[in-house]
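In: Give me a model of this one.
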Amino acid sequence: MADHTSSATRKLGRCDRLTARGGQLGVDHIDTAYYYGRRRERLSGSLRPTADLVLVSKVGARRAKGEIFADDEPERLRSGIEDNLRTLGLERIAVVNLRLMKTQHLTRS
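Out: This is a model prediction of the structure:
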C-alpha cells in the first residue's frame, strides 16, 4: 500500500521527535528568529513553551540574498517580534534578544 502521508506531515513528525529528544537530553530552551525564515517555520508546529522548555527569539537583523544585515529600527524590531508570535502561534515569547551586528557600536550618553 502506498504511503499517502504528505511531505509536510512527515517533516512535522520529525520535528516533533527532534524537540522531544532534545527535552530528554536536557535542552531547556530553543532559539528562533524571524530571519531564520523557512527553517523556523518547519519547527513552529512542534515548538510550544512548557515548564521545561523556554522559547527564545531574537530581532535586529534581516536576511537578504543569502546574507544577514542589521535591521534595528524600532518599527522593524516590533515587526520582527510580531512575526515570531504569529508564525509560532504564541501570545508571548519569554525572552527576546537583540542581535547587534559587528558594524554597530554601542555608545554611552
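
In: can you count the residues close to L55?
Out: A count of nearby residues for L55, using other CB atoms under 10 Å, gives 20. For every residue, glycine as well, the C-beta is placed using N, CA and C.

In: now the one 10 residues further on
Out: Here the count is done by other CB under 10 Å, and K65 has 5 residues near it.

In: Check the one 10 residues further on too.
Out: As a burial measure, the neighbour count of E75 was computed by other CB under 10 Å and equals 7.

In: Tell me which helix or strand it sits in.
Out: helix 74-88 (DSSP states H and E).

In: In that helix, which residues are buried?
Out: 76, 80-81, 83-84, 87-88 (16 or more other CB atoms under 10 Å).

In: which of these lies closest to V96?
Out: I81 (5.9 Å; CB to CB).

In: got the phi/psi numbers for G22?
Out: phi -60, psi -40 (degrees, to the nearest 10).

In: distance of the residue nearest in space to the middle of the chain from A94?
Out: Nearest residue to the geometric centre of the chain (CA atoms, centre = their mean): T32, 2.1 Å. T32 sits 12 Å away from A94, going by CB to CB, to the nearest Å.

In: shared neighbours, those two?
Out: When contacts are counted by CB atoms under 8 Å, 6 or more residues apart in numbering, T32 and A94 are jointly contacted by 55-56.
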